[in-house]
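Chemist: Attaching a predicted model along with its sequence, questions to come.
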Amino acid sequence: MFNDANKAFNAKKDKIETSKYYDVVNFARIVKAPGYYSWGYNDVTCPPTSMYSAYNVIQAPKNLVIFEETGHWTYPEETERLRSWLVEKLTGK
C-alpha cells in the first residue's frame with residue numbers, strides 16, 4: 001500500500017485511517033489453499049486472539065503451531081519447521 005510506486009495515490013490521511021478498519025478475518029474466509037500458520041503467544045502487534053479469529057474461519061486444510069516464548073519475531077527453529085512443512089506439501093514426502 002505504501003511502496004514508492006503507490007505512495008502518491010495511497011499515502012493520504014483518509015486512506016490510512018480507513019485501512020485501520022480492515023480485519024484479517026474478512027479475508028481469511030476466502031482462503032482455499034492449505035496453510036501453515038504460526039504465531040508467538042506474546043505477540044502484541046498481532047495478538048493471538050485476533051489471529052485465532054482469522055484461523056478459525058479458514059476452511060482450507062491448515063496447520064497451526066504456537067510458539068509460547070515468542071512475540072512478533074521468529075527463532076530459526078520456527079523457520080525450519082515452516083520449510084519442512086512446505087517441502088512436504090510440494091514433494092508429498
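Modeler: Done, it's in.

Chemist: pLDDT averaged over the longest helix seen in the chain - what is it?
Modeler: The longest helix of the chain (DSSP state H) is helix 76-91. Averaging pLDDT along helix 76-91 yields 95.

Chemist: what comes up buried for it?
Modeler: Neighbour-count burial for helix 76-91 flags 78, 81, 82, 85 (criterion: 16 or more other CB atoms under 10 Å). Where C-beta positions appear, they are placed from N, C-alpha and C, glycine not excepted.

Chemist: I'd like to know how far the second one sits from residue 9.
Modeler: What that stands for is residue 81. Relative to residue 9, residue 81 is positioned 39 Å away (CB to CB, to the nearest Å).

Chemist: so what does the longest helix of the chain touch, helix or strand wise?
Modeler: Counting contacts by 3 or more CB pairs under 8 Å, 6 or more residues apart in numbering; DSSP states H and E, helix 76-91 packs against strand 35-40, strand 62-67.

Chemist: Can I get the one helix or strand in the chain whose mean pLDDT sits lowest in PDB, CA atoms only?
Modeler: Taking mean pLDDT, DSSP states H and E as the measure, helix 7-10 is the helix or strand of the chain with the lowest mean score, a mean of 77. Provided in PDB are the C-alpha atoms of helix 7-10 (Å, rounded to 0.1, in the frame of the first residue of the first chain):
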ATOM      1  CA  LYS A   7       2.700   6.400  -2.400                       C
ATOM      2  CA  ALA A   8       1.200   9.400  -4.300                       C
ATOM      3  CA  PHE A   9      -2.200   7.700  -4.600                       C
ATOM      4  CA  ASN A  10      -2.300   5.700  -1.300                       C
END
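
Chemist: next one: that helix to chain centre, how far?
Modeler: Computed by CA atoms, centre = their mean, to the nearest Å, the chain-centroid distance of helix 7-10 equals 24 Å.

Chemist: which element follows it toward the C-terminus?
Modeler: Next along the chain after helix 7-10, taking DSSP states H and E as the criterion, comes helix 13-19.

Chemist: and that next one, what other elements does it pack with?
Modeler: Counting by 3+ CB pairs under 8 Å, 6+ apart, helix 13-19 packs on no helix or strand.
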